[in-house]
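Trainee: this is a predicted model, with the sequence first.
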There are 2 protein chains.
Amino acid sequence: MSECLKDAPIGVFDSGFGGLTVVREIMRQIPNEKIVYFGDTARVPYGSKSKETVTRFSRQITHFLQTQNVKTIVVACNTASAYALDELEKEIDIPMIGVVKPGAKVAAETTRNGKVGVIATSATIGSEIYTTYIKDLKPEISVTGKACPLFVPLVEEGLLEDPVTDEIASRYLLELIDIDIDTLILGCTHYPLIRNTIGRVMGDKVTLVNPAYETARELKCLLEEKNLLQDKKPDLGENRYQFYVSDGAEKFKTFANSILKYGILSAKTINIEEY
Amino acid sequence: MSECLKDAPIGVFDSGFGGLTVVREIMRQIPNEKIVYFGDTARVPYGSKSKETVTRFSRQITHFLQTQNVKTIVVACNTASAYALDELEKEIDIPMIGVVKPGAKVAAETTRNGKVGVIATSATIGSEIYTTYIKDLKPEISVTGKACPLFVPLVEEGLLEDPVTDEIASRYLLELIDIDIDTLILGCTHYPLIRNTIGRVMGDKVTLVNPAYETARELKCLLEEKNLLQDKKPDLGENRYQFYVSDGAEKFKTFANSILKYGILSAKTINIEEY
């Protein structure tokens, strides 16, 4: 039974494309695992929406992933981790992991001057979840959040290296520079894609924390702890990585192939409202 | 019966806030009418999504508006007008009107040099619906479309008068200036809110067509023709204008009150997936 569970896939979901930065890290760090990914491209973005709505959407996705017999679920979306994870964890009997806690933990370990910044969607910042987790670990750390609503559309428009992105980043990050943070959490899965711009604006003395990387690391520990880590090299069959979306499978496939090392053979569209 | 029908409200829907620019025009031009508005704020935006998904969402909203006993439905969203209107018109027995046809008609009447530009979401431009309608009226007109995906996020971030919006507008509009259009359709309901920027970039010789204005005018003609125009001044009761959204009613109310002349007393959240 345990062998059989080890062989089950990891479920990963996001509001759209962003969670693929987490998938990329999982593929790198635990390459023997199978993955079933769901991107809610019909209802993306989540970052401007309410807790109630994000939780309802996340619950439907969790139900869908359970039909795929996953052994664990990774909430690869900061907004869904902030709003829905606590509630959904109580409802299902497989382990779940979000991107917020691993990112918060590393930031708390990294800061030397006790000043941490977080950039994310309006929803994630409004939830104050990074502040809560960091203060649980080290109450003396001061945490300052800043919502950056234009970063996702700029990334999706492909302006990764562009004077407009520089200008918007300078405006958003000004108050974090002013208060002299030494650690900045990239609290939205799209942001690692403009890491260079953010790093340039913040300067060399600020460490950027990428929760995607930390989440894959924690996921590995979690699977080891529960004796669920796949130790056999899998067959390189077509169904090793499976991708589902709620809209625009072809567009998703193109984007995914541009950021993942492994070629995606297919992505399927499902009606998530039915779950 | 006809008197009773005259008294019924007009249903108006959009993917979110943008359709309020159409509501504003309806309130101005036919002030005796009652309105029921629905904004799909849980699944906004539509402009990057597929025809199939936008049609499914629009069908649910049409069903909801029918439960409100509306006498007509205004599709106050360019993307939904482009993708869903033709199909939904066949399914229901009350008249429907979109924003595309009225805008196309005025553009065809306005151009002197036979060169019309359209700016809109990727979906609306991809559908080529403005081109189709304009060429139906005057085949000799050349129509050039340009998708402007960053305009909506810039408007929603409040950068209505800003060097960044100027810069993005200059990039998007360059090819339309180069080909010497004399008429430009603002093919997304958010764009009238940055009309000044767009006008400045295009210059005085280019006429901007706002489909919101034209749609309200056509709606009035349609209601007169069907003997459905309300001729009595309504009671100024609370239920004259009713607003429904699929998420974030408070945020919607604040935004609506900033652009409408009449104070909105309340907006209600409903689960649109149930319709």
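Mentor: Noted; the coordinates are in hand.
Trainee: who's A:Leu184 bridged to?
Mentor: Beta-bridge partners for A:Leu184, by DSSP bridges, are A:Gly117, A:Leu208.
Trainee: and it, how many residues sit next to it?
Mentor: By other CB atoms under 10 Å in any protein chain shown, 26 other residues sit near A:Leu184. For glycine as for every other residue, the C-beta is placed from the backbone atoms N, C-alpha and C.
Trainee: where in chain A is the helix or strand with the lowest mean pLDDT?
Mentor: Sorting the helices and strands of chain A by mean pLDDT, DSSP states H and E puts helix A:2-6 at the bottom, at a mean of 76.
Trainee: partner strands of the helix or strand that it is followed by, parallel or antiparallel?
Mentor: Once the chain leaves helix A:2-6, the next helix or strand it forms, by DSSP states H and E, is strand A:10-14. Partners of strand A:10-14 in the sheet, by DSSP bridges, are strand A:35-39 (parallel), strand A:72-75 (parallel).
Trainee: residue nearest the centroid of chain A?
Mentor: Centrality entry for chain A: nearest residue to the mean C-alpha point is A:Ala76, 3.2 Å, by CA atoms, centre = their mean.
Trainee: picking that back up, turn the strands paired with strand A:10-14 into TSV, including mean pLDDT and mean neighbour count.
Mentor: Below are the strands paired with strand A:10-14 laid out as TSV (pLDDT from 0 to 100; neighbours: other CB atoms under 10 Å in any protein chain shown):
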stretch	mean pLDDT	mean neighbour count
strand A:35-39	97	25
strand A:72-75	98	26
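Trainee: buried stuff in stretch A:211-221?
Mentor: A:Pro211, A:Ala212, A:Tyr213, A:Glu214, A:Thr215, A:Ala216, A:Glu218, A:Leu219 (16 or more other CB atoms under 10 Å in any protein chain shown).
Trainee: what does chain A put close to chain B?
Mentor: A:41-43, A:48-50, A:52-53, A:56, A:149-150, A:153-154, A:156-157, A:163-164, A:167-168, A:246-248, A:271, A:273 (CB under 8 Å from any CB of the partner chain).
Trainee: now, these that are in strands?
Mentor: Using DSSP state E, no member of the residues of chain A next to chain B falls within strands.
Trainee: next step: those residues restricted to helices.
Mentor: Using DSSP state H, A:Glu52, A:Thr53, A:Arg56, A:Pro153, A:Leu154, A:Glu156, A:Pro163, A:Val164, A:Glu167, A:Ile168 are the members of the residues of chain A next to chain B that sit in helices.
Trainee: skipping adjacent residues, who's closest to A:Asn219 in space?
Mentor: Let me fix one detail, which is that residue A:219 is Leu and not Asn. Leaving aside its chain neighbours, A:Leu219 sits nearest to A:Ile97 (5.7 Å; criterion: CB to CB, 6 or more residues apart in numbering or on different chains).
Trainee: name the helix or strand for the one you found, please.
Mentor: strand A:96-98.
Trainee: of the residues of chain A next to chain B, select the buried ones using a PyMOL command.
Mentor: Applying 16+ other CB under 10 Å to these leaves a buried subset, and the PyMOL line that selects it is:
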select buried, chain A and resi 41+42+43+48+49+50+53+56+149+150+153+154+156+157+164+168+246+247+248+273
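Trainee: in the stretch 101-250 of chain A, which spans are helices?
Mentor: Applying DSSP state H, counting those that start in this stretch to the stretch 101-250 of chain A gives helices spanning A:122-127, A:129-137, A:151-156, A:163-178, A:195-202, A:211-225, A:249-259.
Trainee: so for the third one, mean pLDDT?
Mentor: It refers to helix A:151-156. Averaged over helix A:151-156, pLDDT sits at 94.
Trainee: contacts for it?
Mentor: A:17-18, A:45, A:47, A:119, A:121, A:162, A:164-165, A:168-169, A:172, A:188, A:190-191, A:193-194, B:48, B:149-150, B:153 (CB atoms under 8 Å, 6 or more residues apart in numbering or on different chains).
Trainee: swap in 7 Å and give it another go.
Mentor: Applying CB atoms under 7 Å, 6 or more residues apart in numbering or on different chains, the external contacts of helix A:151-156 come out as A:Pro45, A:Gly47, A:Thr165, A:Ile168, A:Cys188, A:His190, A:Tyr191, A:Leu193, A:Ile194, B:Pro149, B:Leu150, B:Pro153.
Trainee: beta partners of the residue nearest to A:Ile94 when sequence neighbours are not counted?
Mentor: Leaving out its chain neighbours, the residue that sits closest to A:Ile94 by CB to CB, 6+ apart is A:Thr72, at 5.7 Å. Under DSSP bridges, the beta-bridge partners of A:Thr72 are A:Ile10.
Trainee: isn't A:Thr72 right up against A:Ile10?
Mentor: Yes: at 5.6 Å, A:Thr72 counts as touching A:Ile10 under the criterion of CB atoms under 7 Å.
Trainee: list the contacts of A:Ile168.
Mentor: Shown in contact with A:Ile168 (CB under 7 Å, 6+ apart): A:Leu150, A:Leu154, B:Val164.
Trainee: ok, A:Lys261 next?
Mentor: If you count contacts by CB under 7 Å, 6+ apart, A:Lys261 has them with A:Met27.
Trainee: please report how far it lies from A:Thr254.
Mentor: Distance from A:Lys261 to A:Thr254, counting by CB to CB, to the nearest Å: 16 Å.
Trainee: and if you look at A:Leu186?
Mentor: 24 Å.
Trainee: can you check A:Ser81 too?
Mentor: 27 Å.
Trainee: neighbour count winner among the two?
Mentor: A direct count of neighbours by other CB under 10 Å for A:Ser81 and A:Thr254 places A:Ser81 higher, at 29 against 12.
Trainee: part of a strand, is that one?
Mentor: No: judged by DSSP: H, G, I helix; E, B strand; the rest coil, A:Ser81 forms no part of a strand; its state is helix.
Trainee: near the closest residue in space to it that isn't next to it in sequence, how many other residues are there?
Mentor: Excluding the flanking residues, the one nearest A:Ser81 by CB to CB, 6+ apart is A:Gly98, at 3.1 Å. Residues contacting A:Gly98 under the criterion other CB under 10 Å number 25.
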